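[1] Following is a predicted model, sequence given first.
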Amino acid sequence: MDAFYASVEIRDDPSLAGKPLIIGSLPSERGVVSTCSYEARKYGVHSAMNIKEAYRLCPHGIFMHPDFDKYRAVSAVLRNIWNDYAVKMEPIALDEAYLDVTYSAGTFERACEMAKEIKTRVRNETGLTCSVGVAYSKTAAKTASEEKKPDGYFEIPDAEAFIDLMIDRDVQALYTVGARTAEKLKKLGIYTVCDIQERRDEIIERFGKHGRMIADLAFGIDDRKVVEYKPEDAKSISREVTFQEDVNNYDFLKDVLVLLALCVENRARRHDLHGKGVTLKLTYYDMKSITRSRTISSADNASAIYTETVRMLEEVEKRPVRLVGAGIYNLSGDDGRQMTLDDYMGEPDAEKQDIIGKRLQELQARYGLDFAGHLEEIYKGLILHRTIEYMRKHYNNR
């Protein structure tokens, strides 16, 4: 999709059309740009940019918080359209996916017709535009989809066509070659895809497995399959929040961990997933991040997540904190879950959840909010962040 979040907002409010629209944090807040309109990109604004820098580049831009519930609803419509054509679909984000049409299309020509049908249906059924790439491999399809943005269409039928397109381009044009890898390559005098081809063996020797992948891609070789995403295939589930001002009080962080634990539990239960490990993430004021983890018999409820993250929090270095997160890992579905002694005794769930119940009562008394009665709203990203920001200010003003 083309500038997905921004395009949805412009569709719903036509007065935003033609203006530099920046979706993410507000200039007065900490955070980054989620996406922006093409008008904003003309000023150098781009995704993942610090919001302060975006404001410096485009102070007259329109800054908005994202509305993820709205975007998910549009994404569901999009995926229904795409599923009509794909034998397999591998979502990359709410607005992007690889579609395997090898068998549903039968020929490359029919695949191209499908791509054009998808563009038409997306426009008619959502009022939005998308850019589609049709190609023989995932890397080539991704490259093709970027070639004519916005509202683009491009074909790369075979490896020879891919090489012809990429041969003189900067190394960073290749999939998996990020800024750091590109810098290392250029220090070796390797600037273009052609250079990679000519020094294939050296790159493999220096960069190992990643080097072999880079070298293969330079020759248009990519045998990766489209893999259908299933929630149960996730390796971990986590939730984190960035504070608008650094937090020094670790008792307040424990209050935040109650809500993060509940959010992680909610997502895990929606997909019938169970964890066997708990993680705590902290980013300090100087942007140094640390992660702590602990394996336990069962990490499928908020009480266990909260208890373990608090224990780990008590063991870390106490410095001002910019971000805190909680999560679970070593996931399995109901079929793969091992029964614990608590399951056989049949008593502890109520006992465990009573810990969370008591903590929610304490939070209500401390902050004057009915947390227990509004959990469904708190599970939503924007409400969670606003709630925690209110808590932070209230805690500091007590």
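    Structure's in. What do you need? Quantities reported herein were computed from a predicted structural model and do not represent experimental measurements. Residues are numbered from 1 along each chain as shown.

[2] contacts and neighbour counts: CA atoms only from here.
    Fine.

[3] And the strands in the stretch 101-250 of the chain?
    Along the stretch 101-250 of the chain, the segments classed as strands by DSSP state E, counting those that start in this stretch run 132-135, 153-156, 236-247.

[4] For the first one, output the C-alpha coordinates as CSV.
    By that I understand strand 132-135. Provided in CSV are the C-alpha atoms of strand 132-135 (Å, rounded to 0.1, in the frame of the first residue of the first chain):
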residue,chain,number,x,y,z
VAL,A,132,2.2,-4.2,-7.1
GLY,A,133,5.3,-6.1,-8.2
VAL,A,134,5.1,-9.3,-10.2
ALA,A,135,8.2,-11.4,-10.3
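
[5] partner strands of that strand, parallel or antiparallel?
    For strand 132-135, the pairing partners within the sheet under DSSP bridges are strand 153-156 (parallel).

[6] same deal with the last one?
    Paired strands of strand 236-247, with direction, are strand 321-329 (antiparallel) (DSSP bridges).

[7] what about this protein, any weak spots by pLDDT?
    The chain contains residues with pLDDT under 70 at 230-234, 333-353, 396, 398.

[8] how about 80 then?
    Residues of the chain meeting the criterion pLDDT under 80: 229-235, 271, 297-298, 300, 332-353, 380-382, 396-398.

[9] Could you list the domains of it?
    As recorded under automatic domain parsing, the domains making up the chain are 4-66, 69-157, 162-218, 231-396.

[10] May I see the strands of the stretch 101-250 of the chain organised as TSV, with mean neighbour count added?
    Below are the strands of the stretch 101-250 of the chain laid out as TSV (neighbours: other C-alpha atoms under 10 Å):
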stretch	mean neighbour count
strand 132-135	26
strand 153-156	21
strand 236-247	19
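
[11] Could you export those as TSV, including distance to Ile388?
    As requested, those are exported to TSV (distance: least, C-alpha to C-alpha, whole Å):
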stretch	distance to Ile388
strand 132-135	40
strand 153-156	43
strand 236-247	8
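
[12] rewinding a little: Lys225: which of the domains of the chain is closest?
    Distance to Lys225, taken as C-alpha to C-alpha, is lowest for domain 69-157 among these, at 7.6 Å.

[13] how long is the closest one end to end?
    End-to-end span of domain 69-157 (C-alpha to C-alpha, to the nearest Å): 37 Å.

[14] Please identify which helix or strand holds Ala86.
    Under the criterion DSSP states H and E, no helix or strand holds Ala86.

[15] should've said Gln361
    Following DSSP H and E, the helix or strand that holds Gln361 is helix 348-367.

[16] buried ones in that helix?
    For helix 348-367, the buried set under the neighbour-count rule, 16 or more other C-alpha atoms under 10 Å, comprises Ile355, Ile356, Gly357, Arg359, Leu360, Leu363, Tyr367.

[17] and of the domains of the chain, who's closest to Arg224?
    The minimum distance between Arg224 and the domains of the chain falls on domain 69-157, with 6.9 Å, by C-alpha to C-alpha.

[18] List just the nearest of the buried residues of helix 348-367 to Val33.
    Tyr367 (30.2 Å).
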